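>>> Quick one, structure for this:
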Amino acid sequence: MPELPEVETTKRGIAPHVEGQTIASLRVHNPNLRWPVPGELAELANGAVIGQLQRRAKYLLMPVGTDYVLLWHLGMSGSLRIVTPATPLRKHDHIELELANGTLLRYHDPRRFGALLYAKQGETNKHVLLEHLGPEPLSDAFNVAHMITRAANKKQPIKTFIMDNANVVGVGNIYACESLFKAGIHPNTPAGRVSQQRWIKLVEAIKTTLAAAIEQGGTTLRDFVGGDGEPGYFAQQLFVYGRNGEPCRVCETPVKLLKMSGRATCYCGKCQRY
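Now for the predicted structure:
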């Protein structure tokens, strides 16, 4: 599933090809995504100039003209690709933006859990999907004081707490497991019991883990230009995620696996404590 680093890398990959370009035609081949694609999108986008792309959590924000912003979400299997008009339309290419210079931006999504919606410019943070989101993890607003306040008296396991977008956005399953390992915190530890010193370690671990994933995305999430192949995700060296039964890279104790809210949660029983 595309997580925050993948969406950020997607934004950086397509931005040079679409920013400042005029939309000649927005075509919806299949509107039946996670939410139906609004029928009025083509009317408000056609002829508009694309502004500077932004990202909020896992949403890619694309200003079109002076009045509207397109909200893209990649869902579980979606991707945005830059292609030429000669590139054949694939089975799961549901949306395409044809630019005035002939370039095409295509949205491909086999499972159709992604979305394309819109908001008025200046009101994106009031959109129902964005208004309750917590701070960006690489911003100054995501800090120890904020998390201690949010976690006060919470019995919720720390792993699900940091994956809750109301507390901080973009900490997906992989990055939650890795960050908790780096901070030495067992994933089942009640959020309200995490001390200030451990929050200092965890906040820093989340920031460095996500920053490293974004940095590596430039080479591992590839092929923004060209219609062949699917995006490849991060090949970074993981300490615990996906390594159940393998020796911990620090202490060589076998990595353990448990299920939390239906998610595979890998951790080291020796390096990570309650």
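>>> Give the closest residue to residue 132 in space, chain neighbours not counted.
residue 166 (5.8 Å; CB to CB, 6 or more residues apart in numbering). C-beta here means a position set from N, CA and C on the backbone, and glycine is covered the same way.
>>> What count of nearby residues applies to the spatially closest residue to residue 2 that is not a sequence neighbour?
Leaving aside its sequence neighbours, residue 2 sits nearest to residue 74 (CB to CB, 6+ apart; 4.3 Å). For residue 74, the count of nearby residues is 24 (other CB atoms under 10 Å).
>>> which element is the residue nearest to residue 132 on?
Residue 166 is part of no helix or strand when elements are defined by DSSP states H and E.
>>> Tell me which residues touch it, please.
By CB atoms under 8 Å, 6 or more residues apart in numbering, the contact set of residue 166 is 132-134.
>>> Nearest to the middle of the chain, which residue? Look it up for me.
Closest to where the C-alpha atoms of the chain average out (CA atoms, centre = their mean) is residue 4, at 2.4 Å.
>>> Dump the contacts of residue 166 to JSON lines, plus distance to residue 95, neighbour count and secondary structure.
Formatted as JSON lines, those follow (distance: CB to CB, whole Å; neighbours: other CB atoms under 10 Å; DSSP: H, G, I helix; E, B strand; the rest coil):
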{"residue": "132", "distance to residue 95": "26", "neighbour count": "8", "secondary structure": "coil"}
{"residue": "133", "distance to residue 95": "24", "neighbour count": "19", "secondary structure": "coil"}
{"residue": "134", "distance to residue 95": "29", "neighbour count": "19", "secondary structure": "coil"}
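>>> hang on, residue 94 in a helix?
No. Using DSSP: H, G, I helix; E, B strand; the rest coil, the assignment for residue 94 is strand, not a helix.
>>> Which parts of this structure are helices?
4-18, 41-45, 144-151, 158-162, 173-183, 196-220 (DSSP state H).
>>> Worst mean pLDDT among these?
Among the helices of the chain, helix 196-220 carries the lowest mean pLDDT, a mean of 86.
>>> what's the offset of that helix from the middle of its chain?
14 Å (CA atoms, centre = their mean, to the nearest Å).
>>> got the angle for that helix vs helix 4-18?
Here helix 196-220 runs at 40 degrees with respect to helix 4-18, directions being taken by axes from the mean of the first three to the mean of the last three CA atoms, to 10 degrees.
>>> what comes into contact with helix 196-220?
With CB under 8 Å, 6+ apart as the test, helix 196-220 has contacts from 3-6, 8-9, 12, 137-138, 142-144, 147-148, 151, 158, 162, 168, 170-171, 175, 178-180, 182-185, 194, 232-236.
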